[in-house]
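# quick one: sequence and predicted model below, then my questions.
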Amino acid sequence: MHKKIVQEVFLNLLEYGYLERKTMQQYCSLGTDGSVRFLPDRYVEGTCPACSEDGARGDQCDSCGATYEANEILNPKSKLDPEAKIEVRDTEHYFFRLNDFQNSLENHSSERKSKWKPNVRAMTKNWLDMGLRPRAVTRDIDWGIEIPLEGIEWSNKRIYVWFEAVQGYYSCARIWSERYASSTDNPDGIRLWERWWKANDQGVNAKHIYFMGKDNIPFHTIIWPAIIMGLNSPEGIEYISHHVNSNDLLLEDNVSANEYLMLQGGQFSKSRKHAVWLPAYLERYDPDALRYYLTINMPETHDTDFRWDEYVDRVNNELISNYGNFIHRVMTLTHRLPSNGINPLEEYDNPKNFSSYIYEINNYIDEAINSMEKQRFKEALRNIMSISQLGNSLLQEAAPWKYIGADSSESKTNSLSTLALTWRMCSCLAVCLRPFIPFSSDKLWKMLGNENDIDNVLLKNSMNIDSKLYWNSDKPTALFKKLDLENIIKSETSLSNSIDKLDDSVNNGGSDYINFEDFLKVEMKTGKIVLVEDHPNADKLYIITIEDAPDSTRKVCAGLKEYYTIEDLEGLNVAFVANLEPRKLRGITSEGMLLAADDGNGNVKLLTIDGDIIPGSKIR
RNA sequence: AGCGGGUUGGAGUAGUCAGGUUAUCUCGUCGGGCUCAUAACCCGGAGACCGGUGGUUCAAAUCCACCACCCGCUACCA
């Protein structure tokens, strides 16, 4: 079904004139059986036309850094099958005429200027400023979606993934309509998808908001909108527009791209055990604490770092001390008042006296709603947290604890009416925080005794001053428990260790031993580093000259730049593999390999020799 | 090396597109207050020549040029 829709889109765009056919030259390998296989640039290897080094790839040479047209490479060979004959052949492809959409996309992006976040604006602007060019929608491979055209020249080509993948947003709605909606009694039936995808004449359209990592931005601000604009303009180029008319497919309302979240300064990596182990975490801790920190630390405008110490700090201070404690204050104070099964604050409740505070609260809520509509979740959450801060300050001012057991008086009435207001604020906070920290919201909603469904209350109505004050006579409990950094670090460490052991037992469970003869094949020796130079063509590599025997040296490339300075290395006695086949690393031949230890968390330490020994001594 | 992004009080961050009163918020810190609450809460203060240099402008964190450092992806390494 998805295939069918993609093919239909392809045919439509072709019919409307937005696809053009072009001949391009590309390498292909010829099989012995006469089969022809086209090769992407990166599968072609050969001799560099600039420096004559072997091992140049596709359209770029690693040795000298030169770039060139792919068909300039000398002695081209296929990486997949080096024996095969290889030659340049013409191949036909369809290209999507992105350039036709340049103007409309520029208009569209300038309309989005205030909505898009800076990273989205910048990346899109960069693409538009470079000028859009036609982009191939077909390629020479034998897997993927077939090209819906007659003719043998298309039978071993497929639709390019960039063109097809984004259409999933659209195709899934149509698939859903066909499979499920059509069998309901909804009058729109199989056309129900249009409610989400087509503009109607009332001007009340579904909003399309795309969430992604930063690497996906141009696909959602350029390519996918261009495809949609194309589908919306069957009449041809001069009718392309960024305006969405009635019955058109809808364009994005916002593309919300986040940057990357890092862990303790490094990338998250499951294989390196550099990760937060969610299932194990959730067994021990409250999901809301994690949700709070992930939201307040979301990489909305640039990369951010997940750090356990900061996590504990922010959760303890902001979530628990400010919000959690505010709730707890209101609850425990109120429960100290005598109650006959009804809310004891009812008789003091007088929200009309607090219109300026209520105005302020509604202001925070409005700001939060605005922020959320722009997908600025940190800002939204901060605004909501301001409400509990205001609550704390109201309590401080009113000091209801002074009046709990006191006789009736005007000041008691005033003080407890403030407490009643903060009770309403608790309700309000439960609703406002429900999207962020749902579990504690539900818990709070129950403690408040509220009988209506929390999900039926809109944020903008959450500071309700007319509703009844409900009551739950159960003794209130704190929403959160404070976190302890040492415990967390301890359990995280033991966790990743136990995962290590688990992996080791899997990996070494039986036949994975090597025999002694194999081990002896590896010739390890000691050597003394005499000279360290920067590699001219690589960021991480040093060229290290080691004295590998008395009066003999060899050069080895090692990726140690991130971990050692040149001064650190020179003079060290190290261990290296002496009989490794020499290999070229970004243009420099490396004759061996230094031994180093890697803990998987970004720490790398060279193996050094304890004391002096003649260079070239065997290691056994 | 190619492409993209970043640099704002001690830490983290908003504001940069569209230049314009006292540069935002959280934490920390200092002083005071409160004692209901989970050593928590409230009030106030100190602390930033907005990475550097030059330019445009009546006016620059914001625009332009150059430089430095950092990060991500690609490549490579242990």
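Arrived safely.
# which residue is most remote from the mean position of chain A?
residue A:407 (58.7 Å; Cα atoms, centre = their mean).
# continuing past the helix or strand harbouring residue A:24, what's the next helix or strand?
Assigning secondary structure by DSSP states H and E places residue A:24 in strand A:19-30. Next in sequence after strand A:19-30, counting helices and strands by DSSP H and E, comes strand A:36-38.
# what does the stretch 151-300 of chain A put close to RNA strand B?
Counting by Cβ under 7 Å from any atom of the strand, the positions of the stretch 151-300 of chain A adjacent to RNA strand B are A:214-215, A:259-260, A:262, A:266-267, A:297, A:300. Every C-beta, even on glycine, is put in place using the N, C-alpha and C of the backbone.
# weed out the non-buried ones from these.
Using 16 or more other Cβ atoms under 10 Å as the burial test, those include A:214, A:259, A:262, A:297, A:300 as buried.
# burial of whichever residue of the stretch 501-620 of chain A sits closest to RNA strand B, as a residue count?
Residue of the stretch 501-620 of chain A nearest RNA strand B, by Cβ to the nearest atom of the strand: residue A:559 (2.1 Å). Residue A:559 is flanked by 16 other residues according to other Cβ atoms under 10 Å.
# could you do the one 10 residues further on as well?
Other residues near residue A:569 number 20, with proximity taken as other Cβ under 10 Å.
# ok, now residue A:200?
12.
# report the separation between residue A:578 and residue A:620.
Noted for residue A:578: a distance of 13 Å to residue A:620, by Cβ to Cβ, to the nearest Å.
# and for the two, which residues touch both?
Common neighbours of residue A:578 and residue A:620, using Cβ atoms under 8 Å, 6 or more residues apart in numbering, are residue A:524.
# okay, these two: which has more neighbours?
Ranked by neighbour count (other Cβ under 10 Å), residue A:578 and residue A:620 place residue A:578 first, with 20 against 7.
# isn't the more buried one right next to residue A:549, touching?
No: contact criterion Cβ atoms under 8 Å: residue A:578 and residue A:549 do not qualify, at 9.3 Å.
# overlap in contacts, these two.
residue A:525.
# for the residue positioned nearest the centre of chain A, give me its contacts.
Residue closest to the average C-alpha location in chain A (Cα atoms, centre = their mean): residue A:213, at 4.1 Å. Contact analysis of residue A:213 by Cβ under 8 Å, 6+ apart lists A:257-260.
# quick revisit: which one of the buried ones among the residues of the stretch 151-300 of chain A next to RNA strand B is nearest RNA strand B?
Out of those, the member with the shortest distance to RNA strand B (by Cβ to the nearest atom of the strand) is residue A:300, at 5.5 Å.
# does that closest one belong to a helix, a strand or coil?
When classified by DSSP: H, G, I helix; E, B strand; the rest coil, residue A:300 comes out as coil.
# how about it, what does it touch?
A:117, A:258-259, A:375-378.
# dump those into TSV; add secondary structure as well.
Putting those into TSV (three-state DSSP) gives the following:
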residue	secondary structure
A:117	coil
A:258	strand
A:259	coil
A:375	coil
A:376	coil
A:377	helix
A:378	helix
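# which one of the contacts of residue A:213 is nearest residue A:443?
Relative to residue A:443, the closest of the contacts of residue A:213 is residue A:258; by Cβ to Cβ it sits at 28.8 Å.
# I'd say the closest one and residue A:214 touch.
Yes: using Cβ under 8 Å, residue A:258 is in contact with residue A:214, at 6.8 Å.
# what ranges do the helices span in the stretch 351-500 of chain A?
Taking DSSP state H, counting those that start in this stretch, the helices of the stretch 351-500 of chain A run over residues A:355-373, A:377-398, A:410-433, A:438-447, A:485-507.
# export those helices to CSV and tack on mean pLDDT?
Below are the helices of the stretch 351-500 of chain A laid out as CSV (pLDDT from 0 to 100):
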stretch, mean pLDDT
helix A:355-373, 92
helix A:377-398, 93
helix A:410-433, 96
helix A:438-447, 96
helix A:485-507, 59
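# most tightly packed of those?
Comparing the helices of the stretch 351-500 of chain A by mean neighbour count (mean count of other Cβ atoms under 10 Å), helix A:410-433 comes out on top with a mean of 22.
# that one versus helix A:438-447: what angle between them?
Taking axes from the mean of the first three to the mean of the last three Cα atoms, to 10 degrees, one finds helix A:410-433 and helix A:438-447 inclined to each other by 140 degrees.
# which elements pack onto helix A:410-433?
helix A:325-335, helix A:355-373, helix A:377-398, helix A:438-447 (3 or more Cβ pairs under 8 Å, 6 or more residues apart in numbering; DSSP states H and E).
# among the ones you listed, which is nearest residue A:607?
helix A:377-398 (45.0 Å).
# and the closest one, does that touch RNA strand B?
Yes: using Cβ under 7 Å from any atom of the strand, we find that helix A:377-398 touches RNA strand B at A:378-379, A:382, A:389, A:392-393, A:395-397.
# now residue A:406, nearest residue through space, not along the chain?
Using Cβ to Cβ, 6 or more residues apart in numbering and skipping residues adjacent in sequence, the residue nearest residue A:406 is residue A:412, 5.5 Å away.
# tell me the one of the contacts of residue A:213 nearest RNA strand B?
Of the contacts of residue A:213, the one sitting nearest to RNA strand B (Cβ to the nearest atom of the strand) turns out to be residue A:260, at 5.4 Å.
# how about the closest one, what does it touch?
A:213-214, A:267, A:299, A:303.
# touching, residue A:144 and residue A:156? I think so.
No: with contact taken as Cβ under 8 Å, residue A:144 and residue A:156 are classed as non-touching, separated by 11.0 Å.
# that older thread, I'd say the residue nearest to residue A:406 and residue A:403 touch.
Yes: contact criterion Cβ under 8 Å: residue A:412 and residue A:403 qualify, at 4.1 Å.
# thinking again about what came up before, just the contacts of residue A:260: which are in helices?
If you go by DSSP state H, the contacts of residue A:260 have nothing in helices.
# now for those, which pair is the farthest apart?
A:214 and A:267 (13.9 Å).
# what separation is there between the residue farthest from the centre of chain A and RNA strand B?
Going from residue A:407 to RNA strand B by Cβ to the nearest atom of the strand, to the nearest Å gives 17 Å.
# for that residue, what are its contacts?
Taking Cβ under 8 Å, 6+ apart, we find residue A:407 in contact with no residue.
# where does pLDDT dip in the stretch 151-300 of chain A?
A:270-272 (pLDDT under 70).
# now it against RNA strand B: closest residue?
residue A:267 (4.7 Å).
# quick check: residue A:557 is in a strand.
Yes: assigned with three-state DSSP, residue A:557 falls within a strand.
# specify the beta-bridge partners of the residue nearest to it when sequence neighbours are not counted.
Spatial nearest neighbour of residue A:557, excluding adjacent residues (Cβ to Cβ, 6+ apart): residue A:590 at 3.8 Å. Counting by DSSP bridges, residue A:590 is bridged to residue A:583.
# what about residue A:590, how many residues close to it?
22.
# do residue A:8 as well
Counted with other Cβ under 10 Å, residue A:8 comes out at 15.
# next one: residue A:208
If we define neighbours as other Cβ under 10 Å, then residue A:208 has 19 of them.
# same check, this time on residue A:577
Neighbours around residue A:577, by other Cβ under 10 Å: 16.
# pLDDT score assigned to the nearest residue to it once chain neighbours are set aside?
Of all residues not flanking residue A:577 in the chain, residue A:593 sits nearest, at 4.5 Å (Cβ to Cβ, 6+ apart). Residue A:593 carries a pLDDT value of 83.
# same check, this time on residue A:112
Value listed for residue A:112 in the pLDDT field: 81.
# what parts of the stretch 351-500 of chain A come near RNA strand B?
Within the stretch 351-500 of chain A, the positions lying close to RNA strand B (Cβ under 7 Å from any atom of the strand) are A:378-379, A:382, A:389, A:392-393, A:395-397, A:399, A:401-402, A:478-482.
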